[in-house]
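S.K.: after the sequence you'll find the predicted model.
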Amino acid sequence: MTDDSDTTLGFATRAIHAGYEPDPQTGAVNVPIYASSTFAQDGVGGMRDGFEYARTGNPTRRALEANLAAIEGGRHGRAFASGMAATDAILRAALRPGDHLVIPDDAYGGTFRLIDKVFTAWGIDYSVAPVSDVDAVRAAITPKTKLLWVETPTNPLLNIGDIAALAEVAHEAGTKLLVDNTFASPYLQQPLALGADIVLHSTTKYLGGHSDVVGGALIVDDEQLDADIAFLQNGAGAVPGTFDGFLTLRGIKTLGVRMDKHSDNAEALVEMLTSHPKIESVLYPGLAGHPNHEVAARQMSRFGGMVSVLVAGGFEAARDFCARTEIFTLAESLGGVESLIELPGAMTHASTAGSLLEVPANMVRLSVGIEDADDLIADLKNALG
Ligand SMILES: *Cc1c(COP(=O)(O)O)cnc(C)c1O
């Protein structure tokens, strides 16, 4: 492939080819793992191909970053050591002491914790608003707001924000819109095309896709913002290792086929769970009864592999359900080929206890993998008893 910004190519073609062409010398069809911290120069300042020191740039990482930009339909991609490292970088690139941001009232627990415990101490103020309520988000914006932070679908409540409407709200107020696209992945949802200014990923999840690497990414169109992000990426140094970059790029190649299977399996499980007597309710944006199903249907091509349920019988019943599955592994994280189950209130979102972002105690979150649907259905039925 010759032009990474060629968005006339289909998603799968970009996912597989963007960012790298077979090595002219060896013909290697995959980017090598460049295990080199420094790069020889031809005379002082004479960098070959722009590389000097691997914190600043590395050929494996460059291939990943070009690929990330291509699959999100953006101009610039930057890779980080984790989703939280990307979060930290964009908060510092976009905000100064005295600034304010708006975050979802059910934001990812780690995002909330970083802002609430670290950034407030550096003079950043925040408000929370439900992403599904455009008027509430607009009302939360103050003259000091510099960033509107949106997850959609949210983790773990699977609420949906209308990206195009929120972009309008943000831009009317002179604020940037960031979309954490971790849950949907660029295969199902393209926030930049809908008006967002910044896309954030925990590439640990669907992009990596195999629960074997931790990483993060930021994708933007704006030249200056990208320069500010790149400055922090190098200046603070939360960069991914070269092997991490390779694994993430390898994961991305199969993103489309995986997301289709994740979505197929989630739909099959949702059908079973909605009629199960031990399940009070199922949270899935693909359900016609989901409060924002229509928005989800408009901005997502499918509804993904994340499903949350409220279990009848409260916290104990939910905890027992999590303990009794055999194929679903009890573990944090999501987006891998294997199915995972967890209790957000006691695990991923324990840090939100007592805060405005507290999640229901009887909520169980499923990251539906790509095993055989019948086996997954039987496993959950068995665990529910
Ligand atoms: C996991 C996650 C993050 C944080 O990413 P890490 O790679 O774990 O640092 C951010 N946002 C969402 C929605 C996540 O699920």
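M.R.: Cool, got the structure.
S.K.: how many neighbours does T38 have?
M.R.: 10 (other C-beta atoms under 10 Å). The C-beta positions use only the backbone N, C-alpha and C, and glycine is treated the same way.
S.K.: around the ligand, pick out the residues from the chain.
M.R.: 82-84, 108, 110-111, 151, 155, 180, 182-183, 202, 204-205, 214, 216 (C-beta under 6 Å from any ligand atom).
S.K.: which of those residues sit farthest apart?
M.R.: Distance extremes for these: the farthest pair is E151 and V214 at 18.6 Å, using C-beta to C-beta.
S.K.: quick revisit: in helices, which of the residues of the chain next to the ligand appear?
M.R.: G83, M84, G110, T111 (DSSP state H).
S.K.: give me the nearest residue to the first one, chain neighbours excluded.
M.R.: By the measure of C-beta to C-beta, 6 or more residues apart in numbering, the closest residue to G83 outside its immediate chain neighbours is S202, 2.8 Å from it.
S.K.: for the second one, same thing?
M.R.: Closest residue to M84 apart from its sequence neighbours, by C-beta to C-beta, 6+ apart: G110 at 5.4 Å.
S.K.: OK, contacts around that neighbour?
M.R.: By C-beta atoms under 8 Å, 6 or more residues apart in numbering, the contact list for G110 reads G83, M84, T87, S351.
S.K.: the ligand: which of those residues is nearest?
M.R.: Nearest to the ligand among the contacts of G110: G83, at 2.1 Å, using C-beta to the nearest ligand atom.
S.K.: what is the neighbour count of the closest one?
M.R.: Neighbours of G83 (other C-beta under 10 Å): 23.
S.K.: does it touch G215 like I think?
M.R.: Yes. Using C-beta atoms under 8 Å, G83 makes contact with G215 at a distance of 7.5 Å.
S.K.: and the residue nearest to the spatial centre of the chain, its phi and psi?
M.R.: For the chain, the residue sitting closest to the mean C-alpha position, by C-alpha atoms, centre = their mean, is T182 at 1.5 Å. Per-residue torsions, T182: phi -60, psi -40 (degrees, to the nearest 10).
S.K.: and the spatially closest residue to it that is not a sequence neighbour, what does it touch?
M.R.: Nearest residue to T182, sequence neighbours excluded (C-beta to C-beta, 6+ apart): S202, at 4.6 Å. Counting by C-beta under 8 Å, 6+ apart, S202 touches S82, G83, M84, A86, D180, T182, G215, G216.
S.K.: now, among these, which is nearest to the ligand?
M.R.: G83 (2.1 Å).
S.K.: can you check the pLDDT for the closest one?
M.R.: Per-residue pLDDT puts G83 at 98.
S.K.: got it, and the one 5 residues further on?
M.R.: Reading off the per-residue confidence, D88 sits at a pLDDT of 98.
S.K.: what's the burial count for it?
M.R.: D88: 21 surrounding residues under other C-beta under 10 Å.
S.K.: for A383, helix, strand, or coil?
M.R.: Recorded secondary structure, A383: helix (DSSP: H, G, I helix; E, B strand; the rest coil).
S.K.: name the nearest residue to it, ignoring sequence neighbours.
M.R.: Nearest non-adjacent residue to A383, counting by C-beta to C-beta, 6+ apart: R324, 3.9 Å away.
S.K.: quick check: V169 is in a strand.
M.R.: No. Judged by three-state DSSP, V169 forms no part of a strand; its state is helix.
S.K.: contacting residues around the one helix or strand A93 maps to?
M.R.: Taking DSSP states H and E as the definition, A93 sits inside helix 83-94. Outside helix 83-94, the residues within contact range by C-beta under 8 Å, 6+ apart are 78, 80, 101, 110-111, 114-115, 119, 124, 146-147, 176, 178, 182, 198, 200-205, 215-218, 225, 228-229, 231-233, 236, 238.
S.K.: contact partners for H293?
M.R.: Residues near H293 by C-beta under 8 Å, 6+ apart: I160, P285, G286, L287.
S.K.: overlap of the contact sets of G83 and G215?
M.R.: S202, T203, T204.
S.K.: in strands, which of the residues you listed appear?
M.R.: Per DSSP state E, strands hold the following members of the shared contacts of G83 and G215: S202.
S.K.: make JSON lines from the shared contacts of G83 and G215 and add distance to E65 and pLDDT to it.
M.R.: As requested, the shared contacts of G83 and G215 are arranged in JSON lines below (distance: C-beta to C-beta, whole Å; pLDDT from 0 to 100):
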{"residue": "S202", "distance to E65": "16", "pLDDT": "98"}
{"residue": "T203", "distance to E65": "11", "pLDDT": "98"}
{"residue": "T204", "distance to E65": "16", "pLDDT": "98"}
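S.K.: which of the shared contacts of G83 and G215 sits closest to L9?
M.R.: Taking these together and measuring to L9 by C-beta to C-beta, the closest member is T203, at 21.3 Å.
S.K.: hang on, isn't that closest one packed against A217?
M.R.: Yes. Counting by C-beta under 8 Å, A217 is a contact partner of T203 at 5.3 Å.
S.K.: which residues touch L95?
M.R.: Contacts for L95 (C-beta under 8 Å, 6+ apart) come out as L101, F119, I124, K146, L147.
S.K.: quickly find the element holding the last one.
M.R.: To tie it back to what came earlier, the one meant is L147. Judged by DSSP H and E, L147 forms part of strand 145-151.
S.K.: quick one: list the elements packing against that strand.
M.R.: helix 83-94, strand 100-104, helix 163-172, strand 176-180 (3 or more C-beta pairs under 8 Å, 6 or more residues apart in numbering; DSSP states H and E).
S.K.: the third one: how far from the chain's middle?
M.R.: The offset between the C-alpha centroid of helix 163-172 and the centroid of the whole chain comes to 20 Å, using C-alpha atoms, centre = their mean, to the nearest Å.
S.K.: neighbouring contacts of it?
M.R.: Everything outside helix 163-172 that qualifies as a contact, by C-beta under 8 Å, 6+ apart, is 131, 134, 137-138, 141, 148, 150, 152, 176-177, 179, 189, 191, 194-197, 299.
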